[in-house]
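> mind looking at a prediction? Sequence and model below.
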Amino acid sequence: MTALVLDIVTTAAILFAVASGLLIILGVLKIVNFAHGGFLTIGGYSGLVVTQLGLNPWLAYPAAVVAGIVMGAVVERFVIRPLYDRPLDAILATWGLGIIIGQLITIVFGREIQFVQTPITGAASVFGETYSLYRLFLILAAAAVAGGIAALLNATRLGLEARAVIMNEPLARGIGINSGHVRFVTFCIGAGLASLAGALITPLSSVDPNMGVPWLVNAFMLVLVSSVSLASLATAALTLGGAQVLVSTFISPVIGGLTIVVLAALLLRIRPAGFGHG
């Protein structure tokens with residue numbers, strides 16, 4: 001029973017970390033970044049490069065953040081910025097960009113499945129149950145991501161300006177806020193978070209050019225039901241992620257893989273505001 005509870009909590013932590021970058025970009029830019037899966041993959045391969053170079057595996061995380069931010073800056077400047085007034089075109093552009101990222105990674109690293117070094121190995125005893133130390137670390141990592149985002153939004157000038165842009169962009173521009181700068185920085189942060197999430201999840205599985213695709217689908221559904229709220233995203237990750245673990249454990253892993261999508265669709269049908277207010 002303890003292991004099942006820990007599986008639910010750690011799965012929720014992973015889902016929260018994966019979806020947080022997508023949430024930030026949608027909240028400020030009003031654009032669904034379908035290249036999110038590509039940025040996750042970039043993070044995974046950042047960890048692979050660190051492993052191949054024989055470096056300390058902890059360096060995978062800052063390397064992934066830097067790679068994501070740099071790639072995000074290029075994408076925002078040359079792909080997203082011209083399409084802010086054409087959100088449908090922006091969605092199609094980011095979808096195509098995700099495919100391009102996967103193809104470029106295939107050219108450089110090949111199609112084969114590869115593995116990264118885990119910074120934490122072994123297990124710990126939790127209430128008499130032996131459990132993976134790395135999965136426990138992911139709870140702390142997700143909490144750190146949540147705390148960092150909350151601090152950024154509530155304790156910095158950028159956060160104040162971002163919230164102003166979210167509430168009323170024309171008014172924000174009218175009082176002197178550079179909404180273009182806010183959008184640029186926000187997209188870079190969202191891309192960096194996506195890449196960090198990719199580096200965090202790869203020690204649990206493997207790295208391949210399409211690793212970000214299934215995570216993109218679940219992250220997209222979680223963000224939809226969270227109504228662009230950080231607290232609601234945590235609730236959605238715990239609730240729907242918990243349901244996924246239960247279905248995978250007691251019914252079928254295959255059906256479990258569809259749980260988040262199906263439950264999110266049903267929830268949005270019954271309650272369009274999802275876990276948010278409304």
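Cool, got the structure. None of the values given here were measured: they were computed from a predicted structure.
> give the contact list for residue 7.
The contact partners of residue 7, taken as CB atoms under 8 Å, 6 or more residues apart in numbering, are 245, 249. The C-beta positions use only the backbone N, C-alpha and C, and glycine is treated the same way.
> check which helix or strand it maps to.
In the assignment (DSSP states H and E), residue 7 maps to helix 2-29.
> quick one: mean pLDDT over that helix.
On average, the pLDDT along helix 2-29 is 91.
> how about it: buried residues?
Neighbour counts over helix 2-29 (16 or more other CB atoms under 10 Å) mark 6-29 as buried.
> distance from the chain centre to that helix, please.
Averaging C-alpha positions (CA atoms, centre = their mean, to the nearest Å) puts helix 2-29 7 Å from its chain's average.
> what angle do helix 2-29 and the helix or strand that that helix is followed by make with each other?
Once helix 2-29 ends, the next helix or strand along the chain (criterion: DSSP H and E) is helix 36-52. Helix 36-52 runs at 120 degrees relative to helix 2-29, counting by axes from the mean of the first three to the mean of the last three CA atoms, to 10 degrees.
> can I get helix 36-52 in CSV, CA atoms only?
In CSV, the C-alpha atoms belonging to helix 36-52 read as follows (Å, rounded to 0.1, in the frame of the first residue of the first chain):
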residue,chain,number,x,y,z
HIS,A,36,6.9,21.2,-25.9
GLY,A,37,7.6,17.5,-26.6
GLY,A,38,10.6,18.5,-28.7
PHE,A,39,12.0,20.6,-25.8
LEU,A,40,11.5,17.6,-23.5
THR,A,41,13.5,15.6,-25.9
ILE,A,42,16.3,18.2,-26.0
GLY,A,43,16.5,17.9,-22.2
GLY,A,44,16.7,14.1,-22.4
TYR,A,45,19.6,14.3,-24.9
SER,A,46,21.3,17.0,-22.8
GLY,A,47,21.5,14.3,-20.1
LEU,A,48,22.8,11.8,-22.7
VAL,A,49,25.6,14.1,-23.8
VAL,A,50,26.6,14.6,-20.2
THR,A,51,26.7,10.8,-19.8
GLN,A,52,28.7,10.3,-23.0
